[in-house]
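>>> got a structure for you, letters missing:
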């Protein structure tokens with residue numbers, strides 16, 4: 001995330017070190033991930049936030065996000081849909097701006113899964129698509145993501161038939177993002 005702020009301000013690592021008084025090697029370690037920003041001293045975090053003219057909370061919040069297993073994430077989304085119902089799910093998801101948040105965190109599978117779910121639920125309920133995410137709809141994951149059960153079947157059978165069948169039965173809104181998903185309602 002620091003690199004994003006640096007790009008927005010068109011500032012180099014060298015200039016950032018000079019402006020903040022933070023050693024160049026420390027910045028290199030933070031930017032490379034060798035040093036976790038959450039473990040830096042308060043003074044370092046304060047200097048960075050001040051340089052970028054943002055709050056400390058804004059600076060460190062992306063580093064505090066925890067990411068769960070994608071299968072668990074999908075299950076949580078499906079359970080939320082079941083619990084809230086279609087209309088409230090759409091309202092809740094769009095008002096929370098989760099899709100954009102995941103995209104900004106570069107959590108593309110979560111972003112596209114949730115966007116596919118919103119688009120799918122919109123389609124089956126004859127609700128117009130939200131224009132807020134039009135820029136994301138032309139993107140997709142570079143590799144297909146299959147449910148873990150399909151991967152297991154393919155590995156055990158040493159055949160791609162299960163993957164091919166899953167793709168054929170996939171919901172179009174998910175397939176468009178290279179996510180293979182055929183069932184979002186039948187959750188226990």
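Done, it's in. Quantities reported herein were computed from a predicted structural model and do not represent experimental measurements.

>>> For the chain, give me the ranges with low pLDDT.
By pLDDT under 70, the chain contains no weakly predicted segment.

>>> now the strands for it?
With DSSP state E as the definition, the chain shows no strands.

>>> which residues of it fall in helices?
Defined through DSSP state H, the helices belonging to the chain, from first to last, are 2-9, 13-20, 24-32, 42-52, 56-64, 70-84, 86-96, 98-104, 108-124, 148-157, 161-168, 172-175.

>>> Identify the residue spatially nearest to the residue most central in space within the chain, adjacent ones excluded.
If you average the C-alpha coordinates of the chain and look for the closest C-alpha using Cα atoms, centre = their mean, you land on residue 107, 2.4 Å from that point. Of all residues beyond its chain neighbours, the one nearest residue 107 is residue 67 (6.3 Å), with distances taken as Cβ to Cβ, 6 or more residues apart in numbering. All C-beta atoms are positioned from the backbone trio N, CA, C, and that covers glycine.

>>> How about the backbone phi and psi for the one you found?
Phi and psi for residue 67, reported as degrees, to the nearest 10, are phi -110, psi 130.

>>> Burial check on it, number of neighbours?
Residue 67 is flanked by 11 other residues according to other Cβ atoms under 10 Å.

>>> Out of the helices of the chain, the one nearest residue 139 is which?
Comparing the helices of the chain by their distance to residue 139 (Cβ to Cβ), the top pick is helix 108-124, with 7.5 Å.

>>> Between helix 86-96 and that closest one, find me the angle.
140 degrees (axes from the mean of the first three to the mean of the last three Cα atoms, to 10 degrees).

>>> still on that earlier bit, pretty sure the residue nearest to the centre of the chain is in contact with residue 66, am I right?
No: shown here, residue 107 and residue 66 do not form a contact pair, counting by Cβ atoms under 8 Å, at 11.0 Å.
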